[in-house]
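Visitor: just coords:
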């Protein structure tokens, strides 16, 4: 089963400003999700996929680098992953 990946309209603009290595890792992330679904992300410890809390409850995050994360939400009833944001993680 293939998954749909819907990106927020700002993602293309955001990717133009990101380092090339982060964009390449995002492309790899999308390939994994499209082919195998978001549950497969947990098998890659470097992505450090996790549920978010607080204002972002119901969303998940995967690590693209030490600084950047992809924020997304899964809608299993329609087999869709919605990419909400790629941003610099604040420590």
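Guide: Thanks, I have the structure now. Treat the numbers as computed from the prediction; the structure is a model and nothing was measured.

Visitor: Now do the longest helix seen in the chain: which elements does it pack against?
Guide: Ranked by number of residues, the top helix in the chain under DSSP state H is helix 20-36. In terms of contacts (3 or more C-beta pairs under 8 Å, 6 or more residues apart in numbering; DSSP states H and E), helix 20-36 is packed against strand 4-7, strand 68-75, strand 80-88. The way it works is simple: take the backbone N, C-alpha and C, and place the C-beta from them, glycine included.

Visitor: Pick the most buried one from these.
Guide: Mean neighbour count (mean count of other C-beta atoms under 10 Å) peaks for strand 68-75 among those, with a mean of 19.

Visitor: in its sheet, what does that strand sit against?
Guide: strand 60-63 (antiparallel), strand 80-88 (antiparallel) (DSSP bridges).

Visitor: which parts of the first one are buried?
Guide: Taking 16 or more other C-beta atoms under 10 Å as the basis for neighbour counts, the residues of strand 60-63 that come out buried are 60-63.
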